[in-house]
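**Q** Based on what follows, work out the 3D shape:
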Amino acid sequence: MSDTFDTGLLNEPQHPLSGRHWVNHSALLPPFAPGSDWLLLGMGCFWGAERVYWQLPGVVTTAVGYSGGARPHPSYEQVCTGVSGHAEVVLVVYDPSQLSLRELFSPFWERHDPTQGMRQGNDIGTQYRSLIGCRSAEQLAAAQQLAAEMQSQLTALGRGAITTEIGMAAPFYYAEEYHQQYLAKNPNGYCGLRGTGISC
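**A** Model (predicted):
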């Protein structure tokens, strides 16, 4: 299910990108490897979230960007105002023959707190909301199933309700080059990810 820029979901960047992943040297831009699939994940600041996924076996490539807002091709500065309505997300391209949907979604639920609404830790704003953008009914069903399982565990511990937006993917716009694989280029850079301590 490799994509091109013609689908309207993955949009060609309007700023220069290297085209290659800083860590594994895979393609950042479509078309991706035959047989691969993708989805969008928002876990707060996209720097740390992307690192979680480029380290996951079975992931072909990752890139960071913006999704879920009204303005096409937003800049980082526009997203940071909160006015554009976009969330910071990671485009995760993976090989379904090597990675089950449960294996794909487990780090999402375990590595951030999906109950915090329009924030993630010290990062506050609509751009830091928890989000899953699917491209298939199968992904959507798996995301909803794991959300229900996670909510049961949270409720048993007296924790709050999951606020993650789960739905079909909105258009994705690549973030600027300096954001791509940021924590590989800046090993001591900021990472605000904090999980709930619950495994799924």
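
**Q** Counting neighbours, what do you get for the nearest residue to residue 193 once chain neighbours are set aside?
**A** Excluding the flanking residues, the one nearest residue 193 by CB to CB, 6 or more residues apart in numbering is residue 48, at 4.1 Å. For every residue, glycine as well, the C-beta is placed using N, CA and C. Residue 48: 22 surrounding residues under other CB atoms under 10 Å.

**Q** in which helix or strand would I find residue 48?
**A** Residue 48 is part of helix 46-54, with elements assigned from DSSP states H and E.

**Q** The most centrally placed residue in the chain in helix, strand or coil?
**A** Centroid-nearest residue in the chain: residue 41, 2.3 Å away (criterion: CA atoms, centre = their mean). For residue 41, the assignment made with DSSP: H, G, I helix; E, B strand; the rest coil gives strand.

**Q** For residue 83, see how far away it is.
**A** 23 Å (CB to CB, to the nearest Å).

**Q** Check residue 125 too.
**A** From residue 125 to residue 83 the distance is 10 Å (CB to CB).

**Q** Then residue 191?
**A** Going from residue 191 to residue 83 by CB to CB gives 26 Å.

**Q** Then residue 152?
**A** Distance of residue 152 to residue 83, given as CB to CB: 36 Å.

**Q** With residue 115 instead?
**A** If you go by CB to CB, the gap between residue 115 and residue 83 works out to 25 Å.

**Q** who's more crowded, the two?
**A** residue 115 (16 against 13).

**Q** Confirm that one sits in a strand?
**A** No. Residue 115 sits outside any strand when classified using three-state DSSP, being coil.

**Q** Show me the shaky parts of this protein.
**A** 1-3, 6-7 (pLDDT under 70).

**Q** Return the distance of stretch 95-106 from the chain's centre.
**A** 14 Å (CA atoms, centre = their mean, to the nearest Å).

**Q** End to end on that stretch, go ahead and measure it.
**A** 16 Å (CA to CA, to the nearest Å).

**Q** how about residue 165, what does it touch?
**A** 42, 68, 87, 129-132 (CB atoms under 8 Å, 6 or more residues apart in numbering).
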